[in-house]
Each structure stands twice: as structure tokens, then as C-alpha cells.
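Visitor: The following comprises the amino acid sequence and a computationally predicted model.
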Amino acid sequence: MKKILGFALFIAFVQTISGQVNFSRKDSLQGGLRPERTCYDVLRYDLNIQINPKEKSITGYNDISFKTVETTAVIQVDLFENMQVDSIIYQNKKLNYKREFNAVFINFSAPVLKDVSAKTIRFYYSGKPTIARHAPWDGGFVFKQDSNGKDWVGVAVQGTGASLWYPVKDSQTDEPDYGATIKVAVPNGLMNVSNGRFMGSVDLKNGYTRWDWEVKNPINTYDITVNVGDYVLLHENYKGLDLDYYVLRENEAKAKIHFEEVKPMMDCFQSKFGPYPFANDSYKLVETSYLGMEHQSAVAYGNKYLKGYLGSDLSGTGVGLSFDFIIIHETGHEWFGNSITSKDIADMWIHEGFTQYSEIVYVECQQGYEKAMTYANGLKKNVKNDRPIIGNYGVNSEGSGDMYPKGALLLNTLRHVISDDEKWWKLLFDYAATFKHQIIDTPTVIAFFNKESDMNLTPIFNHYLLKTTIPKLELKTVKGKLAAKWTNVNDDFTMPVDLIYNNKSIRIQATSSWNTTKVKVKNIIDVTPKTNLFFIEFERL
């Protein structure tokens, strides 16, 4: 279990802001923390399964190693109710269990005492996992064939839950301290690619070959993955980092050229966010039939070797066509989402907002500040302001999809509020280093940014994360002096803003009340925002 840092008491307030939503017992079983979950800490997963692409089925087991942090007679392990529990073994004896929706409550014959020593249950299971209708937006398996008629299988379960296809403690609060092994048997002639390092293959003499992989680092359970296909490997070592690309045989030549973008991306991200956080597990791109997913050290790539987002520009500015969106975005998740993980998916903006901001960072590394800001401002059109970015806690509930563009624009706004690029880049670098391989929450992020910037940024975070209105800056003159205030905000809202008057830059500190500055102006019409970098509205009175 990665260390969980300070979960503040603003949850009730957030849920009030998010609106009253009725959640079920099933939701709380999947998203909540109860004694049957918190009593044990997962140390390792050792998954050993066989995938039958023709039947679209899985059979096998997961060895779940854990330590008890509280004495308990019952633990909760999760497995979707359409999957079969075959048996659960502990110390060579079958355990009794009870199923409730996707939760499996496992009963030990006697209480297991609080103890740091490792214990292991072997959870045998089988069944036909849920098929994704439109991966990766809805969770499930993808069973397709490549252009040569060979089976091509993948899985994406973020938000839906890893327990869709294997037994697991399906909560972002707990990752296996010592990683995982993923051993997957597939029909001869196919390969399976999973997370971590390849440890070898075994011919099982039954028409199947087992492909063994090992992850050394803690890993999000939704990141554990399988990719089955007729793959070939492209390998190189770049500045000490192993880069492995598993692509369909037919796309080998194309991939050699297209994936060259990985190198400048790695140079950029490592300079801004610190060393690649999973170097001992290597970096991989794995070609998939679905668009993509940030599977740790085995990034799913399905952008069809196009620039932009399947050949389109999400920013509408043209800048988005200068890079492969999936390579950049999904790799950005290695720092934000995989290394730094949110405790609850209600805080998924910690993954998605920072990662969409990493696209802006990459553009700046490659093309300079102005192009980066052009791209950033283009993302504004994608913000719906339909509901808060932060979702409901404890019920497996994400917030608005605005967590992507609005989360990125929040960070871009904070950069210009801080208005000191040396401090800003150090703050981002230190953020990635401080919380490397840790599980955090929104209050932890805010506290860190406040401390490192030496500013009170809390009202700004709270507004953009919890409200759907856009701050409006109103300006007027009072006895020849410039006056300003923010509207559409809470009473405690305060944010500085840079203005241009007489070709000079003016920084004012505006609050939710009219504040008359020392700046003398003859004509309010001549006062304009310095740039269009803040995610704000503007009105002269």
C-alpha cells in the first residue's frame, strides 16, 4: 500500500456542491472504505491465467499476498458478479465466502491477527469478462482480429474497475507494495505483453504458450493489463532508459519512424517532471485496437500512427496536429496518475488535469511559449462547465470530464498567478518528486502548491474544482482610479490579474468586493487583460 496522505474534512462540502445523487449499496461496496478493506494491506499480486480468444474467456488464479494491519476474520476482495469464484485457498484449506454484487467477503476459519508478516490467499476464478462496447471509455475486454485474421485482444478498465477481469482489492487506496507478476497463457502463435519486464515464455504443450512479466514497482490495479496479438518488438536504449515498442507485425516499418517522437518527449518530461518513474520496469508502447490507456510501463497505443487525436486537433488551433496526442498524453500519465495516484476516483483531476497540462508543457519544450499558450487557449472550447470536476467520494464516482481541459487550464492559470517561471517549474518538478509512487488527495495537492508558491491558492483551486461558473473580472473607474472585483465567485475568492494600460503591464489583486487600486486611468476602455491566459471572463463597466 502506497502511503496515503491527509484526506481533509471538506468531503461533505464537496458532495453538497456536486449535487445530491442517490448512490446504491453496490456503489459504496466498490468505492468505499470499510473494515473488510482497510484491515489488510496488499503486498503483491501474482496473476496466472489463460485467455481463450475464441470463447472470450479467462481461467486461472491470483495469489494475493498481504499483511494484516488490523486483526480480522473477514476481508473483501472484488470480482465482478458475472465471473465465477471457483475456490479460495489459504494455508492449503478452502475458505468460505459470501458474494454481494461485485464484492467477495472471504471468511477465515479463525481471526487473522494484526501482523506484518506476509500471508497469501490463492483465488481461483473463471468466466467470460465484460466486453467493452467502446473502449477505453467504457470498461471491458476487446476481442478483435488484425488485418491478417489473427486474434488481437486487449483490456481497459479505468473507472469501471480491475475486478471486471481478475480478483483484486479494487480500490485506488491500495497498490501492491512489491509489484506483481502477470503470467498469461495464449494460443500458440500469439504473444501476450503485460506490464514490467519480460521474464520469458513457456510452451505448455497444450496449444498454449505462457508469457511471464514482472512489475517491480507499486501499480494501480486498473493499470495491470494484457495485450494479446501477433506482435514484434522494437527495442533501443535511449540515454540509459529502455524503450520497447510492441507493434503488429504489419506495422513494424511504420512504427520505427513514428515512435521517434518518444525521445524528445522523454527529454522534455524528464527535464520538467523528473526522471521516468518506472525505469526499472522499462518504458513500453503496445499497439492496441482501442485508442489508448495509461497502463503503467505498458502504455496502450491505438492512434493509428497519426498526429493529433486520430488525425484531429482537440485545440482547434492547428498546434495539436504537431504531435501524436496518445503518445504524449498517455505517457504523461506515467508521472501523473501512475506514479502520483488519487486516493479516490472523485479526485481523478489529479490524473487528468495534470496530464492534459503535460501536453502544453511538451508543446512549449518543442515549439516555445507562444505556441504552448495558443494550444492551451484552444482547449477552452472543450470545457462544458456541466458539473464540478470533483466527484462524490466513496462511491466510485468521477467528476465532470472537464477534469481534462479545465484541470489543465487551472494549472496554466496558476502558473501565471505565481508569475515566476523559475518557481513554477521547480514547483512542478518537486511535486512529481515529493509524491512519487504515492497516493494523495486534493487537499494534499493544494497544501503543497500553497507552501511552495508561498501564496494562498486555495480559493482559486476551490473555485475551478468545485464550481461551474467562470470568474468574471469587472473593471471601472472611481475618481480616476482603477477599481476591480471578481463576480461569479465565493466571498473568499481572490486572484491577481495582469492588465495592460498605456502599453504598460499592471498587476492588480482583485477580490469578490470592489477594490480601488492606486492605478490612475483616464479611460477604462484602454484597460485590457495582458493576455488571454487566465480562464476568466472580462467586462468593463
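Guide: Yep, it's here.

Visitor: Farthest from the middle of the protein: give me that residue.
Guide: Lys479 (50.9 Å; CA atoms, centre = their mean).

Visitor: and the residue nearest to that residue when sequence neighbours are not counted, backbone torsions?
Guide: Distances taken as CB to CB, 6 or more residues apart in numbering put Thr516 closest to Lys479, at 7.9 Å, once the chain neighbours are dropped. C-beta here means a position set from N, CA and C on the backbone, and glycine is covered the same way. Backbone geometry at Thr516, expressed as degrees, to the nearest 10, gives phi -90, psi 120.

Visitor: just to revisit the earlier point, got a pLDDT number for the residue farthest from the centre of the chain?
Guide: Per-residue confidence (pLDDT) for Lys479: 92.

Visitor: And what about Asp27, helix, strand or coil?
Guide: Using DSSP: H, G, I helix; E, B strand; the rest coil, the secondary structure recorded for Asp27 is helix.

Visitor: Please give the number of neighbouring residues around it.
Guide: Other residues within reach of Asp27, judged by other CB atoms under 10 Å, total 17.

Visitor: Is it in contact with Tyr393, as I believe?
Guide: No: the pair Asp27 / Tyr393 is not scored as a contact, 11.3 Å apart, by CB atoms under 8 Å.

Visitor: pLDDT value on the closest residue to Gly229 other than its chain neighbours, please?
Guide: Distance criterion CB to CB, 6+ apart; nearest residue to Gly229, sequence neighbours excluded, is Trp152 at 4.4 Å. Turning to Trp152, the model gives it a pLDDT of 98.

Visitor: what's across from Trp152 in the sheet?
Guide: Bridge pairing for Trp152 (DSSP bridges) gives the partners Lys144.

Visitor: Ala376 touches Ala408, doesn't it?
Guide: Yes: in this structure, Ala376 sits in contact with Ala408. The criterion is CB under 8 Å, and the distance is 7.0 Å.

Visitor: picking up where we left off before, neighbours of the residue nearest to Gly229, how many?
Guide: Taking other CB under 10 Å as the criterion, the count of residues near Trp152 is 23.

Visitor: do the same with Asn456
Guide: A total of 11 residues lie near Asn456 under the criterion other CB under 10 Å.

Visitor: Could you do the one 4 residues further on as well?
Guide: By the measure other CB under 10 Å, the count of residues near Ile460 is 23.

Visitor: List the residues that are in contact with both of Ala376 and Ala408.
Guide: Among the neighbours of Ala376, those also in contact with Ala408 (CB atoms under 8 Å, 6 or more residues apart in numbering) are Ile360.

Visitor: Tell me which residues of stretch 441-452 come out buried.
Guide: The neighbour-count criterion (16 or more other CB atoms under 10 Å) identifies Asp441, Thr442, Pro443, Thr444, Val445, Ile446, Ala447, Phe448, Phe449, Glu452 as the buried residues of stretch 441-452.

Visitor: ok, now stretch 70-83?
Guide: When neighbours are counted by 16+ other CB under 10 Å, the buried residues of stretch 70-83 are found to be Thr72, Val74, Ile75, Gln76, Val77, Asp78, Leu79, Phe80, Met83.

Visitor: ok, now stretch 460-470?
Guide: By 16+ other CB under 10 Å, the buried positions in stretch 460-470 come out as Ile460, Phe461, Asn462, His463, Tyr464, Leu465, Leu466, Lys467, Thr468, Ile470.

Visitor: ok, now how distant is the fifth one from Pro405?
Guide: Noted for Tyr464: a distance of 11 Å to Pro405, by CB to CB, to the nearest Å.

Visitor: Okay, strands next: where are they in the stretch 301-450 of the chain?
Guide: With DSSP state E, counting those that start in this stretch as the definition, the stretch 301-450 of the chain shows strands at residue ranges 340-342, 438-440.

Visitor: Dump those into JSON lines; add distance to Arg34 as well.
Guide: Written out in JSON lines, the entries for the strands of the stretch 301-450 of the chain read as follows (distance: least, CB to CB, whole Å):
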{"stretch": "strand 340-342", "distance to Arg34": "19"}
{"stretch": "strand 438-440", "distance to Arg34": "18"}
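
Visitor: so can I have TSV of those strands showing distance to Arg44, mean pLDDT and mean neighbour count?
Guide: Compiled in TSV, the strands of the stretch 301-450 of the chain are given as follows (distance: least, CB to CB, whole Å; pLDDT from 0 to 100; neighbours: other CB atoms under 10 Å):
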stretch	distance to Arg44	mean pLDDT	mean neighbour count
strand 340-342	17	98	25
strand 438-440	17	98	22
